[in-house]
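**Q** For reference, the sequence and a predicted model appear below.
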Amino acid sequence: MKIGFTLAALLSFGLSGCATLQQDNHQTNSTNNGKAAVHEYQLDNGMKIFVKEDHRAPVVASMVWYKIGSSYENNGTTGVSHVLEHMMFKGTEKYGPGEFSRIIAENGGKENAFTSRDYTAYFQRLHKDKLETSLRMEADRMRNMKVLDEEFAKEIQVVIEERRMRTEDDPESLTYETFSASAYTTNPYRHPVIGWMNDLENMTAQDIRDWYEVWYAPNNAALVVAGDVDPEQVYQLAKKYFAPLKPIKYITPPKPQQEPEQKGQRRVIIKAPAELPYLLMGYKAPSVTGAKEEWEPYALDVLSSVLDGGNSARFAKNLVRGQQVAASAGAGYSPFSRLDTLFLFDGNPAQGHTMAELEQAIREQIELVKNEPVSDDELGRIKAQVIAADVYQLDSVFYQAMKIGQFESIGLDWRLSDQYAERILQVTAEQVQKVAKKYLVDDSLTVAILEPQSMSAASGKLPHHAGERH
């Protein structure tokens with residue numbers, strides 16, 4: 001069971017090189033290694049544009065990414081990025097509430113949005129001939145959104161109910177939220193994407209207007225288009241609709257908020273209505289953006305697959321089927337985030353076994369990786385999975401656009417995403433052992449235990465990432 005709490009978790013990427021040329025008033029980079037090229041442009045107002053051709057079907061995925069998410073928020077206004085995402089569908093001077101979605105649907109398209117810790121993105125999937133409609137409306141709401149008091153009053157109640165259903169009434173989501181607030185002290189990843197309930201209950205329409213004015217501008221955004229398109233035509237359309245928008249004069253990046261070194265294990269117990277006990281463990285770990293050794297995040301990623309990379313991985317083989325101490329057991333790590341992150345473990349004990357036995361079994365598997373190098377067969381299996389996943393995911397134009405937008409939004413060169421498979425293939429058994437010894441240590445560990453209470457108040461819903469609109 002791969003842990004599913006981080007929006008960007010466990011992606012697989014390909015390989016690419018680059019070339020540069022000058023064109024008119026903008027710069028474009030065209031990159032190709034036998035795969036479809038990615039064309040990069042930048043408007044005079046600072047907005048970046050990325051276009052990836054894929055001519056297998058007459059469809060296109062169009063995405064606008066903003067470098068703003070919950071990790072940019074302050075105490076007292078947590079959740080404002082997610083609420084703003086909701087309000088972006090409530091109209092502008094030109095389009096009334098709900099018209100954006102209605103027009104996209106009438107043109108045969110599908111649209112939605114999501115908010116994460118590091119970014120907010122809006123996307124449409126539609127026929128290539130309808131791309132101009134999408135760009136025209138996205139440009140309009142980038143700087144012309146109207147936050148009406150009456151619309152905000154309705155929508156904030158929607159978000160409050162979303163939080164109640166997906167967190168307050170969901171024992172494993174509630175455990176994860178409490179766990180994150182315990183694992184981090186200064187790192188803003190301690191705040192939930194959806195926001196704390198008290199902050200939502202006290203949020204105002206003016207909070208949304210202020211957040212919008214500060215962050216929603218062409219020089220804090222990127223347009224990513226993938227599909228059956230001509231790059232120069234996409235650029236001309238983007239120039240037509242986005243170039244007239246004025247940039248924000250000053251965009252102040254957030255303070256570093258570097259997490260202080262943890263000095264000892266932390267443990268927290270959550271009591272909530274639930275059917276099963278639940279264990280969540282997390283060790284402090286670097287992301288690609290903060291790693292001192294560039295190979296370490298890739299070795300950590302391989303380590304997560306050694307433990308939990310399918311039915312042949314160690315947790316499934318040893319804890320679920322072998323010892324039968326776990327009904328489920330997972331490991332998860334995402335190397336791609338704006339700030340440093342956590343290497344996660346979770347699980348439910350099998351019937352007749354205790355939480356202490358499950359935790360001990362997971363710890364024994366961790367110690368085994370530290371003490372014995374991973375076998376060549378295991379490394380070979382994992383690397384084959386990476387290549388297969390990369391080929392499979394490239395079948396989706398949405399995924400191709402997604403990985404470019406994600407990397408650009410967390411401050412990484414998107415070309416790094418195309419090096420992912422190569423970096424994984426270079427990981428050695430010795431490196432996997434080194435990162436296990438270095439990072440999976442008790443002094444950087446946080447443990448959360450869900451102790452089930454009466455089920456009378458339980459909703460029985462599955463965990464769900466805050467930010468996706470329904």
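**A** Received the coordinates, thanks. The structure presented is a predicted model; accordingly, all values stated were derived computationally and were not measured.
**Q** Mind pulling the model confidence for the residue located most distally from the centre of the chain?
**A** Centroid-distance maximum for the chain: Gly352 at 36.0 Å, with C-alpha atoms, centre = their mean. Looking at Gly352, its pLDDT is 97.
**Q** my guess is it is in a strand, correct?
**A** No. Applying DSSP: H, G, I helix; E, B strand; the rest coil, one finds Gly352 to be coil, outside a strand.
**Q** For the protein, give me the ranges with low pLDDT.
**A** Residue ranges of the chain with pLDDT under 70: 1-36, 456-470.
**Q** mind checking how far the residue farthest from the centre of the chain is from Arg321?
**A** For Gly352, the distance to Arg321 equals 16 Å [C-beta to C-beta, to the nearest Å]. (Glycine included, C-beta is placed from N, CA and C.)
**Q** What number of residues are in the vicinity of the residue lying closest to Glu259 once chain neighbours are set aside?
**A** In this structure, Glu259 finds its nearest non-sequential neighbour in Asn187, 4.2 Å apart by C-beta to C-beta, 6 or more residues apart in numbering. Other residues lying near Asn187 total 21 when counted by other C-beta atoms under 10 Å.
**Q** Backbone dihedrals for Asn187, please?
**A** phi -60, psi 120 (degrees, to the nearest 10).
**Q** how many neighbours does Val391 have?
**A** Using other C-beta under 10 Å, Val391 has 12 neighbouring residues.
**Q** What helix or strand is it located in?
**A** Following DSSP states H and E, one finds Val391 within helix 376-393.
**Q** Run through who's touching the next helix-or-strand element following that helix.
**A** Counting by DSSP H and E, the next helix or strand C-terminal to helix 376-393 is helix 397-409. Residues from elsewhere that reach helix 397-409 (C-beta atoms under 8 Å, 6 or more residues apart in numbering): 8, 11, 13, 38, 48, 50, 52, 54, 59-63, 65-67, 118-119, 121, 123, 125, 222, 224-227, 336, 393-394, 413-414, 416-417.
**Q** what angle sits between helix 397-409 and helix 376-393?
**A** 110 degrees (axes from the mean of the first three to the mean of the last three C-alpha atoms, to 10 degrees).
**Q** List the buried residues in the next helix or strand along the chain from helix 397-409.
**A** Using DSSP H and E, the next helix or strand after helix 397-409 towards the C-terminus is helix 420-425. For helix 420-425, burial by neighbour count (16 or more other C-beta atoms under 10 Å) applies to 420-421, 423-425.
**Q** Out of those, which is nearest to Ile449?
**A** Using C-beta to C-beta, Ile424 comes nearest to Ile449 of the buried residues of helix 420-425, at 32.9 Å.
**Q** tell me, how many neighbours does the closest residue to the closest one other than its chain neighbours end up with?
**A** In this structure, Ile424 finds its nearest non-sequential neighbour in Val386, 4.8 Å apart by C-beta to C-beta, 6+ apart. Neighbour count of Val386, defined by other C-beta under 10 Å: 23.
**Q** what do you get for Ile269?
**A** Ile269 has 11 neighbours, counted by other C-beta under 10 Å.
**Q** Quick one: the helices in the stretch 101-250 of the chain, in order.
**A** Per DSSP state H, counting those that start in this stretch, the stretch 101-250 of the chain carries helices over the ranges 131-144, 149-163, 171-183, 197-201, 205-215, 231-242.
**Q** from the ones you listed, which stretch is densest packed?
**A** helix 171-183 (a mean of 23; mean count of other C-beta atoms under 10 Å).
**Q** and Val306, what does it touch?
**A** Contacts for Val306 (C-beta under 8 Å, 6+ apart) come out as 313-314, 369, 374, 378, 382, 432.
**Q** mind listing which of the residues you listed are in helices?
**A** 314, 369, 378, 382, 432 (DSSP state H).
**Q** quick one: contacts for the spatially closest residue to the fourth one that is not a sequence neighbour?
**A** Translated: Ile382. Closest residue to Ile382 apart from its sequence neighbours, by C-beta to C-beta, 6+ apart: Ser305 at 4.6 Å. With contacts defined as C-beta under 8 Å, 6+ apart, the neighbours of Ser305 are 313, 382, 385.
**Q** Tell me which helix or strand Ser305 sits in.
**A** Per DSSP H and E: helix 296-308 holds Ser305.
**Q** Quick one: distance of that helix to the chain centre.
**A** Helix 296-308 has its C-alpha centroid displaced from the chain centroid by 18 Å (C-alpha atoms, centre = their mean, to the nearest Å).
**Q** If I take it and helix 376-393, what angle do their directions form?
**A** Using the same axes, to 10 degrees, helix 296-308 lies at 100 degrees relative to helix 376-393.
**Q** In ChimeraX, how would I select just the buried ones from the contacts of helix 397-409?
**A** Of the contacts of helix 397-409, the buried ones go into a single ChimeraX selection, burial set by 16+ other C-beta under 10 Å:
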select :8,11,13,38,48,50,52,54,59,60,61,62,63,65,66,67,118,119,121,123,125,222,224,225,226,227,336,393,394,414,416,417
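**Q** got a winner among the contacts of Ser305 for most neighbours?
**A** Ile382 (24 neighbours).
**Q** Next, Val447: phi, psi?
**A** Backbone torsions of Val447, given as degrees, to the nearest 10, read phi -120, psi 130.
**Q** wait, Tyr278
**A** As for Tyr278, its main-chain torsions (degrees, to the nearest 10) stand at phi -140, psi 140.
**Q** next one: Pro273
**A** For Pro273, the backbone dihedrals (degrees, to the nearest 10) come out as phi -60, psi 130.
**Q** right, and it touches Met455 too?
**A** Yes. Using C-beta atoms under 8 Å, Pro273 is in contact with Met455, at 5.2 Å.
**Q** neighbour-wise, which of these two wins?
**A** Higher neighbour count among Pro273 and Met455: Pro273, with 16 against 12, using other C-beta under 10 Å.
**Q** Closest one of the contacts of Val306 to Ile194?
**A** Of all the contacts of Val306, Ala313 has the smallest distance to Ile194: 31.3 Å, by C-beta to C-beta.
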